[in-house]
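In: Predicted model and sequence below, questions to follow.
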Amino acid sequence: RKEVEQDPGPFNVPEGATVAFNCTYSNSASQSFFWYRQDCRKEPKLLMSVYSSGNEDGRFTAQLNRASQYISLLIRDSKLSDSATYLCVAKAAGNKLTFGGGTRVLVKP
Amino acid sequence: ETGVTQTPRHLVMGMTNKKSLKCEQHLGHNAMYWYKQSAKKPLELMFVYNFKEQTENNSVPSRFSPECPNSSHLFLHLHTLQPEDSALYLCASSQMDRGASSGNTIYFGEGSWLTVV
């Protein structure tokens, strides 16, 4: 089983719609979690950290469920510019980050 | 703009060549990383340096040799690579507090696209 698993997608989303997807992690010792965004042939960039109580940053909402060992990302009012691959990241002790394979989102007009 | 710069951005090398990838971070961080990203695979951690000391070698073949002369610079020396080593090599940095079990998140450079022929 992969340490961090994501549905590769693609999620085809009409512009203005809401999309949500999950990421599961197997290491119960993971301490913190992040969502990164990666555009085609570019480096990953931090989108947001994921806090235990859940957190929101504009149109993006992240949730953490430690009991079921998954995190989620919800994008409201999708924009064309939201088209990207979203990488789930679990961080263990020693700043060791494990990346999921990414979920591809395509927002279409 | 990026706080982590990598050169070269693109590299084509033969299997008998020796080349190096260079990374420099301008963020004042004390931890640096090399990641490999192959087509349709997750990012793979290769090496971690904390305070210039290598703290992680993720079973990387010896044909990849990292060097960290100071906390701002990181190299990846390449020799006798195989075509399957063709990938995007990403350098990253973060701030790690000495003795702490966790650190802040990491920031990536734009990557070096490597093709081995």
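Out: Arrived safely, thanks for sending.
In: Now do the contacts for the residue nearest to residue B:39 when sequence neighbours are not counted.
Out: Spatial nearest neighbour of residue B:39, chain neighbours left out: residue B:87 (7.7 Å); criterion: C-beta to C-beta, 6 or more residues apart in numbering or on different chains. (C-beta placed from N, C-alpha, C; glycine too.) Taking C-beta atoms under 8 Å, 6 or more residues apart in numbering or on different chains, we find residue B:87 in contact with B:36, B:37, B:38, B:39, B:114.
In: Does the most centrally placed residue in chain B belong to a helix, a strand or coil?
Out: Closest residue to the average C-alpha location of chain B: residue B:34 at 2.4 Å, with C-alpha atoms, centre = their mean. Put simply, residue B:34 is strand when judged by DSSP: H, G, I helix; E, B strand; the rest coil.
In: mind listing which of the contacts of residue B:87 are in helices?
Out: Judged by DSSP state H, the contacts of residue B:87 include no members of helices.
In: so what pLDDT did residue 41 get?
Out: No chain was given, so I picked chain A. pLDDT, residue A:41: 88.
In: not what I meant, chain B
Out: Listed pLDDT for residue B:41 reads 84.
In: can you give me phi and psi for the nearest residue to residue B:51 once chain neighbours are set aside?
Out: Excluding its sequence neighbours, the residue lying closest to residue B:51 (C-beta to C-beta, 6+ apart) is residue B:30, at 5.4 Å. The phi and psi values for residue B:30, taken as degrees, to the nearest 10, are phi -120, psi 10.
In: Alright, that wraps it up for me.
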